[in-house]
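Peer 1: 3D model of this:
(one chain, ligands or ions: 2)
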Amino acid sequence: MVFAALHRIYAGFFNPPQAPKRDDAIRFGLLGASNIAPIALITPARAHSEVIIAAVAARDRSRAEAYAKKHDIPIVHSSYEDLLNDPTIDAVYIALPNGLHFEWALRAINAHKHVLLEKPSCSNAQEAKTLFNHPLLKAPNAPVLLEAFHYRFHPAWQTFLSLIHDNTMAGPVKDAFAQQYAPKGMFSNDDIRWRYDLSGGALMDFGTYPLSCLRQILREEPTEVLQAQGRFDLPSKPGTQDQPAEQAMTATYKTESGATGHLVADLATSSSWIKALPGFGWPKCKVELEEKDLGSSDGETRSVKRTATMWNHLMPTVYHRIDVEDTHTIRRDGKVVKTWKEPQSLKAYSWSPEDGRRVTGEDWWTTYLYQLHEFVNKVKKRDGSGVWVDGQDSIKQMEAIDRTYEKAGMKLRPTSTFKL
Ligand SMILES: NC(=O)C1=CN([C@@H]2O[C@H](COP(=O)(O)OP(=O)(O)OC[C@H]3O[C@@H](n4cnc5c(N)ncnc54)[C@H](OP(=O)(O)O)[C@@H]3O)[C@@H](O)[C@H]2O)C=CC1
Ligand SMILES: O=C1OC[C@@H](O)[C@H](O)[C@H]1O
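Peer 2: Ligands and ions are numbered 1, 2, ... in the order given. Model prediction:
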């Protein structure tokens, strides 16, 4: 088991097999010499025969040159605009501070580039509506625009969802919980995540994941925010922001049909033993389903009630586990005559051969590589796994973020003044 995990980590995150590149490979340009691009795109691209990382642009050319040298990227541009004007580039990866996503995604689609856009897609719902409903995206042969919710593309997450939604043993969702923690000290005090003016904050950053998880688990929009609270540890820096960005957020939601969802996102987690030390918590989702009636015979009624927990949906390639517990009950005249539990534990590092989707994948594929395959499938107009994050979904995600900030009594992240 340990050897298999080490192999997945080594091949997935450090040294994937190098795929020979096809002549019609998609040529990507990177906007910004970001920290995340090597994990999220540069390394996965090495394993994909239809993707070439062809160019990088940074605000400072010497920084872009050093990055290009380190990651073996042939073309360097002195500005993001120059990269968008490069006719040899087909697609761009936007891993800029959240507050710049809207402007550069809009500029990129206007330059007819496909866009892999980091999460959160925009600063708020107003921007998201303008971007994802833009006429440029409705034109024939419009570019592809994807909010990079990478974890959704991994078979482990899809398996978890199917156990909640598709299984004959599962009733409707009653309650869901999703958490995401980063240890205190992981991000320095000048990190973009703490900048309100750049649309930072725990909900915008790590919090987008549990919120997105809840929205998929509930399969309904969490239209009512019952409570939401931000935590502020860092003082705001005068002159850089007109309000601080939160270090943590908790929220509770309710859907129209009455299901509830709870979110915890902490970007600066303290140890529960000693507050001054960093703390750790696995990414986790837990779901409780309503009891499901399985029918009656001979005066006895049978029912089942399921709970399901997914551990580490964010980096499932490293390790993950899906725990399902079905509590069966037999009743006679409304009285319980027998009850028993059936637990099972599942893993899905690649698609099951029985899945029926015409999809590929290896155990060492990261969420980012699964995502990249679907992005390429979309650009090439091919059927893939069927997993996608469409623009309306991205808008609803930003609406849920806005509602949470409003309930917490915090300002929405600032709207860009950029216009095409
Ligand atoms: N999918 C995932 O797993 C992850 C996604 N992300 C997302 O990716 C995005 C970038 O995050 P991350 O790579 O950690 O961030 P970094 O700080 O490493 O990179 C951000 C880039 O933005 C550019 N930039 C442009 N304007 C500014 C500015 N005013 N201040 C600071 N940087 C600026 C810089 O590019 P230049 O080189 O031009 O100076 C920098 O390289 C965020 O949206 C974040 O949410 C982050 C981590 C993980
Ligand atoms: O998307 C993300 O995943 C990894 C984290 O380090 C980061 O803060 C976040 O943006």
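Peer 1: Let's see the pLDDT reported for the residue in the chain sticking out farthest from the centre.
Peer 2: Largest separation from the mean C-alpha position in the chain: D298, at 48.3 Å (C-alpha atoms, centre = their mean). On the pLDDT scale, D298 is placed at 91.
Peer 1: How about A142?
Peer 2: Confidence score, pLDDT, at A142: 97.
Peer 1: How much space separates it from ligand 1?
Peer 2: 23 Å (C-beta to the nearest ligand atom, to the nearest Å). From N, CA and C alone the C-beta is placed, and that goes for glycine too.
Peer 1: sorry, back to before: any idea how far the residue farthest from the centre of the chain is from T43?
Peer 2: Distance, D298 to T43, using C-beta to C-beta, to the nearest Å: 60 Å.
Peer 1: what number of residues lie near W194?
Peer 2: For W194, the count of nearby residues is 27 (other C-beta atoms under 10 Å).
Peer 1: Now do the contacts for it.
Peer 2: W194 is in contact with 187, 200, 234, 244-245, 247, counting by C-beta atoms under 8 Å, 6 or more residues apart in numbering.
Peer 1: Just the buried residues of these.
Peer 2: Among these, those classed as buried by 16 or more other C-beta atoms under 10 Å are 187, 200, 244-245, 247.
Peer 1: Return the residues of the stretch 51-200 of the chain in contact with ligand 1.
Peer 2: 58-60, 63, 95-98, 100, 118-119, 148, 150, 192 (C-beta under 6 Å from any ligand atom).
Peer 1: go with 5 Å
Peer 2: Counting by C-beta under 5 Å from any ligand atom, the stretch 51-200 of the chain comes close to ligand 1 at 58-59, 95-96, 98, 118, 192.
Peer 1: ok, now which ones touch the spatially closest residue to S49 that is not a sequence neighbour?
Peer 2: Spatial nearest neighbour of S49, excluding adjacent residues (C-beta to C-beta, 6 or more residues apart in numbering): A19 at 4.1 Å. Contact analysis of A19 by C-beta under 8 Å, 6+ apart lists 46-49.
Peer 1: In three-state terms, label Y370 for me.
Peer 2: helix (DSSP: H, G, I helix; E, B strand; the rest coil).
Peer 1: What is the burial count for the residue lying closest to it once chain neighbours are set aside?
Peer 2: In this structure, Y370 finds its nearest non-sequential neighbour in F153, 3.9 Å apart by C-beta to C-beta, 6+ apart. Close neighbours of F153, defined as other C-beta under 10 Å, add up to 27.
Peer 1: and F153, what pLDDT?
Peer 2: pLDDT, read off for F153, is 97.
Peer 1: Next: K237.
Peer 2: pLDDT at K237 comes out at 57.
Peer 1: mind checking how far the residue in the stretch 301-420 of the chain positioned nearest to ligand 1 is from P283?
Peer 2: Residue of the stretch 301-420 of the chain nearest ligand 1, by C-beta to the nearest ligand atom: Y368 (7.3 Å). As defined by C-beta to C-beta, Y368 lies at a distance of 15 Å from P283.
Peer 1: Compare the two and say which is more crowded by neighbours.
Peer 2: Set Y368 next to P283 and count neighbours by other C-beta under 10 Å: Y368 wins out with 26 against 21.
Peer 1: Hmm, the more buried one is touching R46, no?
Peer 2: No - judged on C-beta atoms under 8 Å, Y368 makes no contact with R46 at a distance of 11.5 Å.
Peer 1: sorry, back to before: contacting residues for the residue nearest to Y370?
Peer 2: Contacts of F153 (C-beta under 8 Å, 6+ apart): 367, 370-371, 373-374, 385, 387.
Peer 1: if we can go back for a sec, which two from the contacts of W194 end up farthest apart in space?
Peer 2: Largest separation among those by C-beta to C-beta: F187 and P244, giving 14.1 Å.
Peer 1: Now do the contacts for the spatially most central residue of the chain.
Peer 2: Among the residues of the chain, the one closest to the centroid is F149, at 3.0 Å (C-alpha atoms, centre = their mean). Counting by C-beta under 8 Å, 6+ apart, F149 touches 119, 208-209, 212, 371, 389.
Peer 1: Could you list which of these belong to helices?
Peer 2: Members of those lying in helices (criterion: DSSP state H): 208-209, 212, 371.
Peer 1: Tell me the one of these nearest ligand 1?
Peer 2: Using C-beta to the nearest ligand atom, those come closest to ligand 1 at T208, 7.6 Å.
Peer 1: How is this protein partitioned into domains?
Peer 2: 2-151, 155-349+396-407 (automatic domain parsing).
Peer 1: possible to save those domains as TSV with distance to T415?
Peer 2: TSV is the format used below for the domains of the chain (distance: least, C-beta to C-beta, whole Å):
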stretch	distance to T415
domain 2-151	5
domain 155-349+396-407	10
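Peer 1: and these, which one's lowest on average pLDDT?
Peer 2: Taking the mean pLDDT of the domains of the chain, domain 155-349+396-407 comes last: a mean of 94.
Peer 1: the helices in the stretch 101-250 of the chain, which residues?
Peer 2: 101-110, 125-132, 155-165, 208-218 (DSSP state H, counting those that start in this stretch).
Peer 1: Now N189, what are its backbone angles?
Peer 2: phi -60, psi -20 (degrees, to the nearest 10).
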